[in-house]
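>>> Curious how this folds, go ahead:
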Amino acid sequence: LTTTMSNLASMVDKEIALFRSLQEEINKLSNDQQTLMSQHAENEMVKEELDLIPMEEGSDGEAHAVYKKVGPVLMKHDLSDAKMTVEKRLEFISGEIQKVEGKLKEKQNKAQEIARKVQEMQQSMQAAAADAVRQIHQEQKA
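Residues are numbered from 1 along each chain as shown. Next comes the predicted model:
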């Protein structure tokens, strides 16, 4: 009986360690998700601002340009190229968000399964301990 209890306790410890590892992964994925959501919101804002600029030429006959800061320098970019770049970036970030959400859901499901398994194992240990106490009590009566 003692061997069975120690085996169960060892198995519970392993499952708890796995659960903690999954929780760390879930926390990292949640942080990644928040970062991606922030980047997505920022790029959406850039897209909205670019949409405010008219595509036709200005009064001076030149097409409207946008400037992008590259290091300490402002670089001139074509408006249509800038819009296309932002659209591609939004597509990429949306794809990454979906990947992270899928992984997050998978890890959360695994963690729930392990938590359920640990709970069942602990209940088995408690039942075994109660049986052992009853058995000892009966042996002392005899």
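>>> What segments of the chain are helices?
Taking DSSP state H as the test, the helices found in the chain are 2-52, 79-141.
>>> Just want the angle from the shortest one to helix 79-141.
Between helix 2-52 and helix 79-141, the angle formed by their directions is 160 degrees, by axes from the mean of the first three to the mean of the last three CA atoms, to 10 degrees.
>>> quick check: mean pLDDT across helix 2-52?
For helix 2-52, mean pLDDT rounds to 92.
>>> on that earlier part again, nearest to Tyr67 among the helices of the chain would be which one?
helix 79-141 (9.3 Å; CB to CB). C-beta here means a position set from N, CA and C on the backbone, and glycine is covered the same way.
>>> returning to what we had before: now the helices of the chain as CSV including distance to Gly71?
Formatted as CSV, the helices of the chain follow (distance: least, CB to CB, whole Å):
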stretch, distance to Gly71
helix 2-52, 19
helix 79-141, 17
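>>> Adding mean neighbour count, write those helices out as TSV.
Formatted as TSV, the helices of the chain follow (neighbours: other CB atoms under 10 Å):
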stretch	mean neighbour count
helix 2-52	14
helix 79-141	13
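>>> what about the nearest residue in space to Glu25 that is not next to it in sequence, distance to Ala41?
Leaving aside its chain neighbours, Glu25 sits nearest to Lys107 (5.3 Å; criterion: CB to CB, 6 or more residues apart in numbering). From Lys107 across to Ala41, the span is 24 Å (CB to CB, to the nearest Å).
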